[in-house]
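Novice: structure for the following, please:
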Amino acid sequence: MELSLVTLSKWIAMVAFVARSYEFVVSTYERMPDNVLLSEENFEDEVLQSPEFWLVQFCSPWSNDCEAFDREWKAAATTLKDTARLGSVDVTENAALGLQYEIDGYPTVMAFSKYKQEPYEYHGENSYGEIVDFVTKEVKKLHAQSPSVAVVDFQNVHNFLQEGRASTPTAIIIGKGTGSKPPSWMRSLANHFSHGKKKVKATVRLAYVPDNEQKIARQFGLHEDQLPAVVFVHKPSMRFVTSSTLPMDEDSAKAFIEEARSAGTSDELQDVPMFPSPETPRKKPKYSVKTWDASSLRACTDARGRMCVILSASGTNDSTNDHKVLAKRYRRDPITFFVADPDSKPFHALSDVVGDSGEAIIVKPVRKIKYTILDQVKSTNDLVVLLDKVLDGSHTFSVAAMTRKPDQARQPERRQANVEVDEVLELVAMVATWTKSYSLLVLLLVLVLQCAQIANAEYGPKSDVVVLTEKNFEKEVLQSSDYWLVEFYAPWCGHCKQLEPEWKAAAKKLKQHARLGAVDATVHQQLAQKYKIQGYPTIKEFGKNKKKPRDYQGGRSRQDIIQYVKNSDVAKKLGVSGASIATVDFQTVHTLLNDKSATTPIAIFIGSPKNDKKKASAKPPSWMGKVADHFTTKAKKKTTTTVRLAFVPGSEGKIARQFQVQDDQLPAIVFVDSQKGKFQVSDVSPLNEAKSKAFIEAALKADAGAIAELADVPLFPSPEAPKKKPTYTLQGWDAASMRDCTGKSGNMCVVLATFAEDDHRALAKRYRRDPFKFFTADATTEEFQQLKRLAGIWSCCGPQAWAQAQVLGYGTCMNMLVVGAGKSIDDVIAVLDKVLDGSHSFSVAVVDEKHDEL
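Specialist: Down below sits the predicted model:
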């Protein structure tokens, strides 16, 4: 076939257009080093897996608008290269991406922020300024929503370790050859260990230590050849573990942090070392040498992280000048200098504690304190060298073991807010002795201090917290089948005092689910030693295996404690559940069955009664919590239950008898249809989790016909006591009054005919607090004769007492009790008492349609 010249020229023009378009998409963007060419092959890795903000242009080679947008896009990509990532997708070559993001016009610009699966479209102008402004604002929002990566140095690492939630661990990445800024992948790591959209919460706090801060690494026991490394700090135990030399990349750091977090804390880990407080005076720092006495030392020990240096004065000018030189040199550091008179009582008290040989002696076994001893200090320079090493973290402290002097035994009543001299002197010292050539004996006491806030954490009989001692711990905790959280505290500990109201509130809220206790570890030291208590407060979790308690890993607020218990796998093994399981008795079962605000069915677990072999079951079985969870649906803001669960202790046999369940049928489940007023009893044995679920699910699926054939829910007396003094009345017996009585669920009606009026009033007064209504009737009236015929009594002159739970219409069964003629008032009282306590079985009368007057 021959082509005309015109046709040929058209084909050439089209090919040229396509070539130019291709050059625009490929060559143009290839000349833009700050714009990333995206395709179906690299979109997942480049965009969706990236923690950075992305702005992606979806374009087409034949679009004039895309070509016009080229210059603006290129300039914006260059400007924003250190802020965000810009990329371009050729939709004609990557149609799947176009369909995925519903691209129907060109250019379309999509923003991919923190949640990459939820991109949103850019609706601004296609201009350089609009794009830059949009990206800048969105990146600020992203950073506000993302967890931060702190950069710490030796001056602020102390604050970083003390900040944050008490239960959130910390991972410190110490660099080597990485410069002063954290690597870009650390933001992705921070996102990995965080959750929440509107309010981001970190599950692990991250910090970066620049490679020029080697003294931080030395404090954690890391040498230069062990870097880069990750230091993982467990909270609230404040113990740490370090990684071996790791490649400085995201995957290695993530794997180590997850492993350390899942392993949990243990007594084998080291305590976090001391770092000086970074607080700097706003005005020019002053320096002074204080006089050594107990009150001055107490003021020093009240400041966390400070070190105290005590110098023994000889009275010469040289020694005084040396003291001032030292104080001036370290005026910006957390050191307080004291000068002591060797002949004074405070100095002798210090000597008694330190000892002539320089050994550290602890007066009371309260905690471990770090110290060191330096002998034969020959000059002020030697002292300076030592203090410099302590400050930069290159000096290693020893740990003093705690001993107690026999005559210093702790008296339990000494739990006052004031600190005595001997209590201050329980702090361990670092001692240095200058030689005779210096004509001066100097004691250098460097105290590495914990918080010395003196406050009492008290638990008493009015609290739901169980006070545990060495005498009752075995019985209360170790021999108990309950789930326990036990706090080991010290009376002087400030953190214990802060925890006290939260602990009490959590104990009150959880008393139906778990038990919370408290041990004064300064009094009951054997318990503290047995469970290796190193700091206060320490909380131990005692589950099914009481011999192997677990460290509590939750927060310190009442909400944190409650949520921890309800989510704990250890607690769930003992039946502790987030679902609500009511424990009811004969006094409260009426309220459960007649709660008009709840229409969901009820499954009542009745426990085993007492017999020759075992006691009556007093607590729900451990698997009952799992059954409750099975019928509970949890949404974001709402929890829905399809079945309400209740437990009846085995000692409440009268509840079982009311439901016509005999002792040999227990334990059993009574399923109550709240709307129909019907119930059925399980007939499976033995009763366990699987069979309980199967029975309840079958009962939920029962059709209307099967439900109608079930027995009516029996009557239980209302436990509600009148707010005012109860009154009693006798009503005249007629059909209208009787109908009014039977229409109220929970009332019992007693119709009396032949007894004297005084006897009637005595009965009404006796039972004025109970759900009885008393009627007096004339035995000759037609209404009373109808009642007699209904009850099946054709003899005359008999008092008729009958009880009705509920009347729904003709054909409804009524529970009826008949007391025969000739009986005394005492007989009536005996019958009514049995009706009230559930030990009397009603007979059942069928309502005849002929007696419509009733």
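Novice: from here on, contacts and neighbour counts on C-alpha atoms
Specialist: OK.
Novice: who's in contact with residue 261?
Specialist: Neighbouring residues of residue 261 by Cα atoms under 8 Å, 6 or more residues apart in numbering: 169, 234.
Novice: how many residues are close by residue 93?
Specialist: By other Cα atoms under 10 Å, 13 other residues sit near residue 93.
Novice: how much space between it and residue 69?
Specialist: Residue 93 sits 19 Å away from residue 69 when distances are taken as Cα to Cα, to the nearest Å.
Novice: do residue 701 as well
Specialist: Relative to residue 69, and taking Cα to Cα, residue 701 is found at 64 Å.
Novice: residue 464 too?
Specialist: 70 Å.
Novice: same check on residue 514?
Specialist: Relative to residue 69, residue 514 is positioned 66 Å away (Cα to Cα).
Novice: neighbour-wise, which of those two wins?
Specialist: Looking at residue 514 and residue 69 with other Cα under 10 Å, you find the greater number of neighbours at residue 514, namely 22 against 17.
Novice: OK, contacts around the more buried one?
Specialist: Neighbours of residue 514 in contact, by Cα under 8 Å, 6+ apart: 482, 483, 484, 485, 507, 565, 576.
Novice: residues touching the fourth one, list them.
Specialist: With contact taken as Cα under 8 Å, 6+ apart, residue 485 is in contact with 514, 515, 516, 517, 539, 540, 541, 542.
Novice: ok, so of the residues you listed, who is nearest residue 127?
Specialist: residue 539 (59.9 Å; Cα to Cα).
Novice: quick one: secondary structure of the residue nearest to the closest one when sequence neighbours are not counted?
Specialist: Nearest non-adjacent residue to residue 539, counting by Cα to Cα, 6 or more residues apart in numbering: residue 487, 4.4 Å away. Secondary structure, DSSP: H, G, I helix; E, B strand; the rest coil: residue 487 is strand.
Novice: pop the domain breakdown of the protein in here.
Specialist: As given by automatic domain parsing, the domain ranges for the chain are 14-145, 149-271, 289-438, 466-572, 581-712, 731-846.
Novice: Serialize the ones you listed to a markdown table and add fields for distance to residue 459 and mean pLDDT.
Specialist: Listed next are those as a markdown table, based on distance: least, Cα to Cα, whole Å; pLDDT from 0 to 100:
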| stretch | distance to residue 459 | mean pLDDT |
| --- | --- | --- |
| domain 14-145 | 41 | 81 |
| domain 149-271 | 22 | 80 |
| domain 289-438 | 13 | 52 |
| domain 466-572 | 7 | 88 |
| domain 581-712 | 26 | 82 |
| domain 731-846 | 39 | 62 |
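Novice: quick one on the thing from earlier: count of neighbours near the residue nearest to residue 539?
Specialist: 26.
Novice: from memory it sits against residue 537, does it?
Specialist: Yes. Here residue 487 reaches residue 537: they are 6.4 Å apart, a contact under Cα atoms under 8 Å.
Novice: what do those two both touch?
Specialist: Between them, residue 487 and residue 537 share no contacting residue, judged by Cα under 8 Å, 6+ apart.
Novice: any idea how far residue 661 lies from residue 477?
Specialist: Applying Cα to Cα, the value for residue 661 to residue 477 is 35 Å.
Novice: residues touching residue 213, list them.
Specialist: 153, 154.
Novice: er, residue 78 I mean
Specialist: Applying Cα under 8 Å, 6+ apart, we find residue 78 in contact with 34, 35.
Novice: do residue 468 as well
Specialist: 476, 517, 518, 519, 520.
Novice: now it. Its backbone dihedrals?
Specialist: phi -100, psi 140 (degrees, to the nearest 10).
Novice: and the strands in the stretch 201-350 of the chain, which stretches?
Specialist: 201-202, 205-209, 229-234, 239-242, 270-271, 289-291, 307-312, 335-340 (DSSP state E, counting those that start in this stretch).
Novice: and of the ones you listed, who's closest to residue 674?
Specialist: strand 201-202 (42.6 Å).
Novice: just checking, what packs against that closest one?
Specialist: For strand 201-202, the packing partners by 3 or more Cα pairs under 8 Å, 6 or more residues apart in numbering; DSSP states H and E come out as strand 194-195.
Novice: how far away is the closest residue to residue 675 other than its chain neighbours from residue 103?
Specialist: Nearest residue to residue 675, sequence neighbours excluded (Cα to Cα, 6+ apart): residue 599, at 6.2 Å. Using Cα to Cα, residue 599 is found at 50 Å from residue 103.
Novice: next: residue 67.
Specialist: Residue 67 is 17 Å from residue 103, by Cα to Cα.
Novice: circling back: same list (the strands of the stretch 201-350 of the chain) but as JSON lines, adding mean neighbour count and distance to residue 217.
Specialist: Converted to JSON lines, the strands of the stretch 201-350 of the chain look like this (neighbours: other Cα atoms under 10 Å; distance: least, Cα to Cα, whole Å):
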{"stretch": "strand 201-202", "mean neighbour count": "20", "distance to residue 217": "24"}
{"stretch": "strand 205-209", "mean neighbour count": "24", "distance to residue 217": "9"}
{"stretch": "strand 229-234", "mean neighbour count": "25", "distance to residue 217": "9"}
{"stretch": "strand 239-242", "mean neighbour count": "21", "distance to residue 217": "10"}
{"stretch": "strand 270-271", "mean neighbour count": "16", "distance to residue 217": "14"}
{"stretch": "strand 289-291", "mean neighbour count": "17", "distance to residue 217": "33"}
{"stretch": "strand 307-312", "mean neighbour count": "24", "distance to residue 217": "21"}
{"stretch": "strand 335-340", "mean neighbour count": "22", "distance to residue 217": "22"}
